[in-house]
Structure formats: C-alpha cells, structure tokens
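K.L.:
Dropping a prediction and its sequence here:
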Amino acid sequence: GAFVTATDLPELLGNLQHNVLQNTKQKCKHQPCVKELLSWGIDLEKNFPRSSCHFDYIMAADVVYHHPFLDELLLTFDHLCKNDTVILWAMKFRLEKENQFVDRFQMLFDLEMISNFPSLNIALYKAMRKGRMKA
C-alpha cells in the first residue's frame, strides 16, 4: 500500500523503469513512480517541492562515492527529510572522506548503526533529524 518514488540519473531511468515494472507488476497497490534526480542539490524545490513531497522513508545505498558533490548530497538529504522521515542508509567506506561526510551528516541528523560488516567496510545506518530519533 505504500507510495514509492525511485530516483536515478536521466540516462539510467529506462533501466530503472524496466526493473521497477518487472518487480512490481500486479504485485502492489500503487505503481512506483520513477523520477530523475539529475544532480544532488540541484532543482530540489522544483522537482521535489517541500509543500507536496513527504517521504516516510528514504533508502540510500552507496551514495557517498562522488566526493566533489558531498555537500550537495547533504543538502539533498536535508531537503527531502521532514521531522518524521527515517533514512535507511547502507554505506561502503573507501576513503577518509566518507568519515568526514558522516561527521557533517551528524550535524543535522541523529545516526544509529543498525548493522556492521567490517570485513566489507560496509555499515547500515538509521537516521532522523536531530532530536527526533526515539530511544
């Protein structure tokens, strides 16, 4: 019964749409929406207006990889999250810059590690806006 929005780069939308249809056809109440997210931090209000976009959950996997745009990624998380939005985020740590991003992320969001795979340098986190995470 959930409303789902899946995003990717413009050149990957066809593949994303195909995969969404293959995995959801006649299996869900609401067909997932596929939307372009060209660049983090760009045209967010135009493409995802705060007044009409509300996401209960944001699931992000391996999004901290293009290091020149980490400020824009943080801006995107900030724009898309309401006070009750939960972020579920899987992250592979490759360089020190990932640790720096996590530190900056924690200035806006409370972060809880819910699973850790040290041999793979991967962690799974749950996050919410500062002061909103339940104990």
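P.N.:
Received it, and whenever you're ready, just let me know what you need. Quantities reported herein were computed from a predicted structural model and do not represent experimental measurements.

K.L.:
any low-confidence regions in this protein?
P.N.:
Scanning the chain for pLDDT under 70 picks out the ranges 65-67, 96-98, 134-135.

K.L.:
Please give the element, helix or strand, for the residue nearest the centre of it.
P.N.:
Residue closest to the average C-alpha location in the chain (C-alpha atoms, centre = their mean): residue 60, at 3.6 Å. When elements are assigned from DSSP states H and E, residue 60 belongs to strand 57-61.

K.L.:
got it, and residue 99?
P.N.:
helix 96-108.

K.L.:
Next, the angle helix 96-108 makes with the next helix or strand after that helix.
P.N.:
Downstream of helix 96-108, the first helix or strand assigned by DSSP H and E is strand 109-117. For strand 109-117 against helix 96-108, the angle by axes from the mean of the first three to the mean of the last three C-alpha atoms, to 10 degrees is 140 degrees.

K.L.:
got the CA coordinates for strand 109-117 in PDB?
P.N.:
What follows is strand 109-117, C-alpha atoms only, in PDB (Å, rounded to 0.1, in the frame of the first residue of the first chain):
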ATOM      1  CA  PHE A 109      20.800  14.000  11.800                       C
ATOM      2  CA  ASP A 110      21.000  11.600  14.600                       C
ATOM      3  CA  LEU A 111      22.600   8.400  13.400                       C
ATOM      4  CA  GLU A 112      22.400   4.900  14.700                       C
ATOM      5  CA  MET A 113      24.400   2.000  13.200                       C
ATOM      6  CA  ILE A 114      22.000  -0.900  12.900                       C
ATOM      7  CA  SER A 115      24.400  -3.400  11.200                       C
ATOM      8  CA  ASN A 116      28.100  -3.600  10.500                       C
ATOM      9  CA  PHE A 117      30.100  -5.700   8.100                       C
END
